[in-house]
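>>> generate a structure from the sequence data that follows.
(2 chains)
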Amino acid sequence: DAKTTQPNSMESNEEEPVHLPCNHSTISGTDYIHWYRQLPSQGPEYVIHGLTSNVNNRMASLAIAEDRKSSTLILHRATLRDAAVYYCILNGRNTGTASKLTFGTGTRLQVTL
Amino acid sequence: KAGVTQTPRYLIKTRGQQVTLSCSPISGHRSVSWYQQTPGQGLQFLFEYFSETQRNKGNFPGRFSGRQFSNSRSEMNVSTLELGDSALYLCASSLEIGFRQFFGPGTRLTVL
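Coordinates of the predicted model:
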C-alpha cells in the first residue's frame, strides 16, 4: 500500500482556517486521496476525497498538488467540534479491489478559543 | 437513514473465551469492513465482505474470522481470546467496494 506522511499534531485557534498537510510521494495513478477524521470516542467519519482536481464540500476543501505527491485538507473556519484526529488515506477506488483503508497515525488537531 | 449499528457496545471476556460481534450496515450498503483499533497499533484493517464473500483480509491470525449474511449484516468472531485482543472493533459499511465508508460507534472489547 502506498504510504502517507502527516504531522503528528497541529493547533489552531477557533474561527481560523486550518491547513492539514499530507505527503504521498508513492501514490499511484489510480489512487484516490481520502480524508477521514475521528472525533473523541467515535468511529472515523468521512471528510472528503479527490483524485486530481481540488474538491470542496460542506465540511472542507481538498487541495491536491499538480504532481499528486501531496495534498492539503483545508478547514475554512475551525470550531471546537473540529478537534479530532485527521487521517489522510490512499485508496484505489475504481480498481475493483477491496475497500481496505490503511490508516496511518494521523494528525491530532487541537482547536483553542 | 439509520447509521451503522454495532452490538454490543461494550464487552468483557476472559482469556481463552470466544466472542461474536455484530454489525448492521446502512440500508442498501452491500460492503462491510471490520477494523481493530488499539492505542499501540492504531486502526488496522481486519477484513471486508461483499455479497456474503470475504473480499480482502488483513494481517491477523486465523482466530479472527467473520461472515456476512444475505441481508448484508455481518458478524466477526474471535476465538481463544488473548489479552492483546482488547481493543475497539469498528465496522464500516459502503454502497460498493471502494466507495466512501461509514463507520459505526464500535464495540469496546476488554479481555481479562
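>>> give me the phi and psi angles of A:Arg81.
phi -70, psi -10 (degrees, to the nearest 10).
>>> got the contact list for the closest residue to it other than its chain neighbours?
Distances taken as CB to CB, 6 or more residues apart in numbering or on different chains put A:Leu39 closest to A:Arg81, at 7.7 Å, once the chain neighbours are dropped. C-beta: built from backbone N, CA, C; applies to glycine. Taking CB atoms under 8 Å, 6 or more residues apart in numbering or on different chains as the definition of contact, the neighbours of A:Leu39 are A:45, A:81, A:83-84.
>>> I'd like the distance between A:Leu39 and chain B.
Applying CB to the nearest CB, to the nearest Å, one obtains 11 Å for the distance of A:Leu39 from chain B.
>>> same check on A:His49?
Relative to chain B, A:His49 is positioned 7 Å away (criterion: CB to the nearest CB).
>>> bridge partners for residue 111, pull those for me.
Went with chain A since none was named. A:Val111 has these beta-bridge partners by DSSP bridges: A:Ser12.
>>> ah, I was thinking of chain B
Counting by DSSP bridges, B:Val111 is bridged to B:Lys13.
>>> and what of B:Glu75?
Bridge pairing for B:Glu75 (DSSP bridges) gives the partners B:Ser22, B:Arg67.
>>> isn't it up against B:Phe64?
No - counting by CB atoms under 8 Å, B:Glu75 sits too far from B:Phe64 to count as a contact (11.8 Å).
>>> angles on the backbone of B:Gly84, please.
Recorded main-chain torsions at B:Gly84 are phi -70, psi -10, according to degrees, to the nearest 10.
>>> those strands in chain A, which residues are they?
Listed in chain order, the strands of chain A (DSSP state E) span residues A:9-13, A:18-23, A:32-38, A:45-50, A:55-56, A:61-64, A:70-75, A:84-91, A:107-112.
>>> deepest of those, which one?
Mean neighbour counts were compared across the strands of chain A using mean count of other CB atoms under 10 Å in any protein chain shown; the top stretch is strand A:84-91, at a mean of 24.
>>> name the surrounding residues that touch that strand.
Judged by CB under 8 Å, 6+ apart, the contacts made with strand A:84-91 from elsewhere in the structure are A:1-2, A:4, A:6, A:20, A:22, A:24, A:27, A:31-40, A:44, A:47, A:49, A:71, A:73, A:99-104, A:106-109, B:43, B:98.
>>> so what strands line up beside that strand?
Using DSSP bridges, the strands paired with strand A:84-91 in its sheet are strand A:32-38 (antiparallel), strand A:107-112 (antiparallel).
>>> mean pLDDT added to the ones you listed, as CSV?
Formatted as CSV, those follow (pLDDT from 0 to 100):
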stretch, mean pLDDT
strand A:32-38, 93
strand A:107-112, 97
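>>> and the closest residue in space to B:Ser33 that isn't next to it in sequence, its phi and psi?
Closest residue to B:Ser33 apart from its sequence neighbours, by CB to CB, 6+ apart: B:Glu48 at 4.3 Å. For B:Glu48, the backbone dihedrals are phi -130, psi 140 (criterion: degrees, to the nearest 10).
>>> perfect, I'm done here.
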